[in-house]
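Colleague: quick one: sequence and predicted model below, then my questions.
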Amino acid sequence: MKVKKIRLPFEIKKSILAFGSQTKNTLCLAQGHFAYLSPVHPDLSMLEDFLAFVKDAKYFLKRNPKIIATDLHPDYQSSLFAQDLLQTSHFKLHTIQHHHAHIASCMMEHGLANQKVIGVSFDGTGLGLRGQLWGGEFLLCDYRDFERRAHLKEVPLLGGEKAIQEPWRLAAAWLYQLYEDRFLNLKLDFVKGLNKNHWRLLKQLYGSSTHAPLASSAGRLFDAAASLILNKYKVRFEAELAIELERLAAAYRSQAQAYPFDLNKGKDEYMLDPLPMFRHIVLDLKHKEPKEKMAYRFHLTVASMMKSVCLSLRRIHRLNKVVLSGGVFQNRLLLEMSHNLLRKAGFKIFTHRQLQANDACLSLGQVAIANWRP
């Protein structure tokens, strides 16, 4: 097995083996001042990938780790494998929240000590606290702990995982929040191509935690906007429409402003509401604006959302370091826009430089957090 070796910013007192996530899985063994990461196992639901994961896990287990760390999600194959180990071995087990691990991994890459940062973790979905699905998160965190201080407004995943394969469901859910059933009368190509009967059936799932779970997901926001702007309803592979939207946005060579959005302050946290953005996307579609321009404005809006939240959190908490992680930041245009806006606002920004921003980095973050747990 070819492993990646990373020097750590602190010494690991008791050896830790982290089991990573369900997809883009890596294992990470940390001992002393170094961490050793396995190759990526693309999808543990596939037999070939799972067998490779098991082989690598057995290799690391020969190093006699004292602590095991897994994702908070109990149904990941990596988490289940770790639970099975506990039946025959004596390990201390730590379950680590997905987005906290994302931020911790990037902090580790940069050799940051245990210090508070603003963590922006944007991805598809990961299990949050109290069973919620997260994916558009702003955390105040260090290695030891985190506080969720802002997030994207939740949208129902109508039909659960099916909404990822058919992102028109996400776009329709946002339009329904804006216009209720009147959105079916909009003179848009997207609406004309909808199966109206199918939508009426799906609408009945609203409020079902099982069949329409709420998700505060940046990845699903990209899916919804791309489906609406590109007038496409299904995907063949993960992030297909988001990749196409990025390509269009990168081709835009003129000036444009971000779409409007709302930042609502609650008792303990902010919520980013993209409904004003979707209202203006509808107007642009009605006015036959170029798709490249709409794609560019959407990317600029997401970057502006980040800047707005980070400015608000800095005013309150006096934190100036921003750490960006999560699969959405594999979008180079978004990463560039976000970096530029935050840098001009005086923030110090940290992004991945050794590992990918997607779930392949999670096991390193799990190691960091487990090390600081009592």
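Modeller: The structure has been received and is ready for your questions. Computed from a predicted model, the values in this text were never measured in an experiment.
Colleague: which strands or helices does the host helix or strand of Leu178 pack on?
Modeller: Leu178 is part of helix 168-179, with elements assigned from DSSP states H and E. Here helix 168-179 touches strand 155-156, helix 162-165, helix 189-192, helix 196-203, helix 218-230, helix 275-286, going by 3 or more C-beta pairs under 8 Å, 6 or more residues apart in numbering; DSSP states H and E. Where you see a C-beta, it was placed from the backbone N, CA and C, and this is true even at glycine.
Colleague: switch the cut-off to 6 Å
Modeller: Judged by 3 or more C-beta pairs under 6 Å, 6 or more residues apart in numbering; DSSP states H and E, helix 168-179 is in contact with helix 218-230, helix 275-286.
Colleague: for Gly44, give me its contacts.
Modeller: Wrong residue type there; residue 44 is Leu, not Gly. Contacts for Leu44 (C-beta atoms under 6 Å, 6 or more residues apart in numbering) come out as 22, 25, 50, 53, 77.
Colleague: 7 Å instead, please
Modeller: Residues in contact with Leu44 (C-beta atoms under 7 Å, 6 or more residues apart in numbering) are 22, 25, 50, 53, 77-78.
Colleague: ok, now His211?
Modeller: By C-beta under 7 Å, 6+ apart, His211 lies in contact with 159-160, 205.
Colleague: ok, Thr95 next?
Modeller: Neighbour list for Thr95: 70, 72 [criterion: C-beta under 7 Å, 6+ apart].
Colleague: likewise for Ser121?
Modeller: Contacts of Ser121 (C-beta under 7 Å, 6+ apart): 99, 102-103, 137, 139, 325-326.
Colleague: max pairwise distance over these: which two?
Modeller: In terms of C-beta to C-beta, the contacts of Ser121 reach their longest pairwise distance at Leu139 and Gly326, which sit 11.1 Å apart.
Colleague: the two - which one has more neighbours?
Modeller: Using other C-beta atoms under 10 Å, the more surrounded residue of Leu139 and Gly326 is Gly326, with 29 against 25.
Colleague: name the nearest residue to the more buried one, sequence neighbours excluded.
Modeller: Sequence neighbours aside, Asp123 is the residue nearest to Gly326 in space, at 3.7 Å (criterion: C-beta to C-beta, 6 or more residues apart in numbering).
Colleague: which SSE is the one you found in?
Modeller: Counting by DSSP H and E, Asp123 is found in strand 117-127.
Colleague: downstream neighbour of that strand in the secondary structure list?
Modeller: Next element after strand 117-127 (DSSP H and E): strand 133-141.
Colleague: what angle sits between that following strand and helix 218-230?
Modeller: Counting by axes from the mean of the first three to the mean of the last three C-alpha atoms, to 10 degrees, strand 133-141 lies at 130 degrees to helix 218-230.
Colleague: show residues contacting strand 133-141.
Modeller: Against strand 133-141 from outside (C-beta under 7 Å, 6+ apart): 99-100, 103, 116-128, 146-152, 213-221, 309, 313, 317, 319.
Colleague: please export the C-alpha coordinates of it as PDB.
Modeller: The C-alpha coordinates for strand 133-141 follow below in PDB (Å, rounded to 0.1, in the frame of the first residue of the first chain):
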ATOM      1  CA  LEU A 133     -28.300  16.800   7.300                       C
ATOM      2  CA  TRP A 134     -25.700  19.500   7.000                       C
ATOM      3  CA  GLY A 135     -23.600  20.700   4.100                       C
ATOM      4  CA  GLY A 136     -23.500  24.600   4.100                       C
ATOM      5  CA  GLU A 137     -21.900  25.200   7.500                       C
ATOM      6  CA  PHE A 138     -20.000  28.000   9.200                       C
ATOM      7  CA  LEU A 139     -18.300  26.800  12.400                       C
ATOM      8  CA  LEU A 140     -16.400  28.400  15.100                       C
ATOM      9  CA  CYS A 141     -14.000  25.600  16.000                       C
END
